[in-house]
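Q: Dropping the sequence and predicted coords here.
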Amino acid sequence: MFEEFYEMYEPEEQEVVALINRCIGGGYHNKGGFWKMTVVTLGMVFCDTGKISTKEERLEWPVTEEERNSEKGWKRFGNEQICRLKIRRMKEEWAQNLVVRPWCISEVVEAYEECPELQAVLDEYHKPVVLQDKVLGELTLDKDYDVFEGEIQWCGNDVRLSLEVNAESKSSWTRARSAAKKLLADCEAWDKAMRDLAARNLTGLANDWLAQDEENARDPETDPITEEELARRISLLDLTVTSGGSFTAYFDCDEMFTDHAVVIYGSLKKGVKDADIAG
């Protein structure tokens, strides 16, 4: 039943020893009626040449609905597992619109294998990457998700900061730090713009939620939440900034939307663009 999946890949097999990072699959394939599971690698050794690649690769395989949560699906590979595989590269015509050209796994030759070269890659991966920035403070890289994390003072309050970067590109680190510092330097104006947009977009929704809250004695008809009140009650918890200058701000909503958060999207170039709630 997986013929349509394997037809997307070249017929030639390559044997590799792979260091698994984590499983990020799977997505449902409507036409074929199966799930596509995906793991990403920290490194691979190509057995025919001995070449070591530390570029992140994606390895895919198909499973049925019943297999998805079994040893054949999510549980097939463990984090940091080193294994010997036979893989096939996706055909170019199927990979034209993909950021990464994946491989499919055609056979697991050895589920666990010793490999000093990949063990060295793993040891290096485990070394912490910490930046000390005079404005942003200490930033620690989460290598699994390509994010620097830290804490800043935003309008006098502690706020978690996340910088989305390309872990392999230090220039992206610099751009993300620069964007965050520009936001922080003018935080009073940005904070007001975010609150004003949230108030314009979400006050009506806040009153709809209030009307459905049977435990709250407040009547939205006679005592509605105003835009000024909503803007005052929300408080910034997390700020995520990309190397391209876009940002996402997560605000505590003071239970106006129960346990949801108010989320503001924007960029340095275009300002605040949208406000919504998220669970």
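A: That came through, no problem.

Q: got the contact list for Gly245?
A: Arg175, Ala179, Lys182, Ser267, Leu268, Lys269 (CB atoms under 8 Å, 6 or more residues apart in numbering). (Glycine included, C-beta is placed from N, CA and C.)

Q: how about a cut-off of 7 Å?
A: Ala179, Ser267, Leu268, Lys269 (CB atoms under 7 Å, 6 or more residues apart in numbering).

Q: and if you look at Thr64?
A: Applying CB under 7 Å, 6+ apart, one finds that Thr64 lies in contact with Phe34.

Q: Local confidence estimate at it?
A: pLDDT for Thr64: 94.

Q: what's the answer for Gly33, then?
A: Taking Gly33 on its own, its pLDDT is 85.

Q: How many neighbouring residues does it have?
A: Using other CB atoms under 10 Å, Gly33 has 13 neighbouring residues.

Q: got it, and Ala176?
A: With other CB under 10 Å as criterion, Ala176 counts 26.

Q: Now name the helix or strand holding it.
A: Here Ala176 sits within helix 170-185, counting by DSSP states H and E.

Q: quick one: contacts of that helix?
A: Contacts with helix 170-185, where a contact means CB under 7 Å, 6+ apart, come from 133, 135-136, 148, 152, 154, 161, 163-166, 190, 241-243, 245, 247, 268.

Q: With stretch 31-43 instead?
A: Contact with stretch 31-43 is made by 1-2, 4-5, 18-29, 52-54, 56-65, 68, 73, 77, 118, 121-122, 125, as judged by CB under 7 Å, 6+ apart.

Q: hmm, which helix or strand of the chain has the shakiest average pLDDT?
A: Least confident element among the helices and strands of the chain, by mean pLDDT, DSSP states H and E: strand 27-29 (a mean of 85).

Q: partners of that one in the sheet?
A: strand 34-46 (antiparallel) (DSSP bridges).

Q: Now do the strands in the stretch 1-150 of the chain.
A: Assigned by DSSP state E, counting those that start in this stretch, the stretch 1-150 of the chain shows strands spanning 14-23, 27-29, 34-46, 52-53, 58-63, 82-89, 103-110, 130-133, 137-142, 147-154.

Q: got those strands as JSON lines, with distance to Val263 and mean neighbour count columns?
A: Listed next are those as JSON lines, based on distance: least, CB to CB, whole Å; neighbours: other CB atoms under 10 Å:
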{"stretch": "strand 14-23", "distance to Val263": "26", "mean neighbour count": "20"}
{"stretch": "strand 27-29", "distance to Val263": "24", "mean neighbour count": "12"}
{"stretch": "strand 34-46", "distance to Val263": "27", "mean neighbour count": "21"}
{"stretch": "strand 52-53", "distance to Val263": "37", "mean neighbour count": "15"}
{"stretch": "strand 58-63", "distance to Val263": "29", "mean neighbour count": "22"}
{"stretch": "strand 82-89", "distance to Val263": "39", "mean neighbour count": "20"}
{"stretch": "strand 103-110", "distance to Val263": "36", "mean neighbour count": "16"}
{"stretch": "strand 130-133", "distance to Val263": "25", "mean neighbour count": "12"}
{"stretch": "strand 137-142", "distance to Val263": "20", "mean neighbour count": "15"}
{"stretch": "strand 147-154", "distance to Val263": "16", "mean neighbour count": "18"}
